[in-house]
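Chemist: missing the sequence, but the structure's below:
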Ligand SMILES: Nc1ncnc2c1ncn2[C@@H]1O[C@H](COP(=O)(O)OP(=O)(O)OP(=O)(O)O)[C@@H](O)[C@H]1O
């Protein structure tokens, strides 16, 4: 119950619903126990002595009992439903909020499918258990307790015989549950692997088609589907054995009791009415005993689900505000950036960047060039505190960025990533994402700067055109231009362009660059690019290799010395240099 106790904070406010739900169910159980007693009276006081005048009273009493019981059961469902849904609502919100604030480090290893199932299936299991399962589990004990007491008052010898057979029935039910539980787990795993296959296939449909792997995918799915079908058949067969078997066992015990009870009636040690009442009490108890395994299983499942949900909720946020963290007032930010011998490693891996140090004056443009995996993106991620550095420090206007509130630091930084993510919403909303009170003119201005305005206007509904999941329906370059417009609209002090123009053609890149010149004015810009044309105007270019800075200088300085920058320059400008050489060779001067 430890997990459920930990979750108590989420339903403490509605604890009265839990209590009412338990009380109503217990009361319904208690009221239900009146029926066998009425039955006894009907036989002993009415049918046997043939006193039919009492029939209407008894019939009305039975009706009253049924109505009261139904009302109490309704109340149990009502309060349980309120409680469960309230808890699920609170947990859903808390988990979602947590997911917003969890660090990048968490998402490096988290799996989307797993997170989704925690927020859906696991939450549902908790909702059902706290809302209904818990009360029903307790009710099994109420039923057995009240029922046994009543049976005892009728005939203690028969009660003893019954109590000897009950644990046997409960044992079989629990044993069955121990078999069906893994079968269900196996079924859930098979279903999750089936859903993953569908999800990956739909997401990667282009890759599948381009590699002509449709047949392979069909076969892969068919295997998983077969596994799921086999699991389902196994579970269904187990179920189909359980009920007849339990019925058989229960009937055997009832037959024994009939023998003993019948003898007692014949010997006048109990009345016929008592025997009938006793048997209706037995059936009253057998049901919950059968269900005991189910309720216990329900409990274990919701406990496991609770652990999985709590795991998300208790996740430590490693990048967070320190005490008395400062708020960055936009007007005060100048944009001076210093990397002071920064070293950082992802987890326990080798450092992704080592001893990075540079100084950027407010408004300066710092370019990064380097091979794949050389640490360029890591530097920009550290700038916005996606991760905190392991050694050294990063300063903004001379102050360590860990001194600022994370939210206010990030609100001063706009990043355009290599991969663009667009929300399933209108282009207008995608550009103004996260910003309030933005006018249409400002959105258009940003789109114009990002060279996105023209193609947006050609779309069926212009800025109101809804783009699909992951920006379906737009080309890579168009998506990137929308992302650039989004970054520009934020009007940040620091602009990070992480290979931001990789998906656009040279001509558009040139145009966007021209726009950038304007928007970069007054903003410190960290720009990662593979094309020297994007970096040549930078105030400082840093060449990276295996996490280290290997060259640093302006374009003119770097092309003048042998080294990786000059090599890249020679490759990218081969045609231009060849023409230059020809011109020089042909020129007598
Ligand atoms: N989230 C992450 N978790 C673990 N390791 C990572 C993560 N991101 C990057 N790395 C590793 O850190 C190193 C530097 O990666 P980084 O993305 O900074 O390189 P890059 O120069 O930007 O490469 P590219 O030009 O291909 O984008 C690589 O070895 C990479 O595998």
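Modeler: It's in. Since this is a predicted model, take the numbers as computed values, not measurements.
Chemist: Contact partners for the residue in the stretch 51-200 of the chain that the ligand sits nearest to?
Modeler: As assessed by Cβ to the nearest ligand atom, the ligand sits closest to residue 108 within the stretch 51-200 of the chain, at 4.2 Å. For every residue, glycine as well, the C-beta is placed using N, CA and C. When contacts are counted by Cβ atoms under 8 Å, 6 or more residues apart in numbering, residue 108 touches 346-347.
Chemist: what about 7 Å?
Modeler: residue 346 (Cβ atoms under 7 Å, 6 or more residues apart in numbering).
Chemist: remind me which residues of the stretch 51-200 of the chain are low pLDDT?
Modeler: The model of the stretch 51-200 of the chain has no residue with pLDDT under 70.
Chemist: re the thing from before, where does the residue of the stretch 51-200 of the chain closest to the ligand land in three-state SS?
Modeler: Put simply, residue 108 is helix when judged by DSSP: H, G, I helix; E, B strand; the rest coil.
Chemist: Same question for residue 208.
Modeler: Assignment for residue 208 (three-state DSSP): helix.
Chemist: In this structure, what residue spans correspond to strands?
Modeler: Ranges of strands in the chain, per DSSP state E, are 337-345, 351-360, 365-370, 391-396, 399-400, 413-416, 494-498, 524-528, 540-545, 548-553.
Chemist: The ligand is nearest to which of those strands?
Modeler: Closest among the strands of the chain, using Cβ to the nearest ligand atom: strand 351-360, at 3.4 Å.
Chemist: which parts of the closest one are buried?
Modeler: 351-354, 356, 358, 360 (16 or more other Cβ atoms under 10 Å).
Chemist: How about stretch 189-200?
Modeler: For stretch 189-200, by 16+ other Cβ under 10 Å, it's 190-192, 194, 197.
Chemist: How about the residues of the stretch 301-450 of the chain by the ligand?
Modeler: 346, 349, 352, 370, 372-378 (Cβ under 6 Å from any ligand atom).
Chemist: how about the residues of the protein near the ligand?
Modeler: Counting by Cβ under 6 Å from any ligand atom, the residues of the chain close to the ligand are 108, 346, 349, 352, 370, 372-378.
Chemist: Spatially central residue for this protein, please.
Modeler: The centroid of the chain falls nearest to residue 115 when counting by Cα atoms, centre = their mean (3.1 Å).
Chemist: got the contact list for the closest residue to residue 254 other than its chain neighbours?
Modeler: Take residue 254 and drop its neighbours on the chain: the residue closest to it by Cβ to Cβ, 6 or more residues apart in numbering is residue 282, 6.6 Å away. Taking Cβ under 7 Å, 6+ apart, we find residue 282 in contact with 162, 254, 257.
Chemist: Looking at the residues you listed, spot the one nearest residue 267.
Modeler: Distances from residue 267 to the contacts of residue 282, taken as Cβ to Cβ, are shortest for residue 257 (15.3 Å).
Chemist: and that closest one, what does it touch?
Modeler: 158, 161-162, 282.
Chemist: Could you check how far it is from residue 286?
Modeler: To residue 286, residue 257 is 11 Å away according to Cβ to Cβ, to the nearest Å.
Chemist: For these two, list the residues in contact with both.
Modeler: With Cβ under 7 Å, 6+ apart, residue 257 and residue 286 have no common neighbours.
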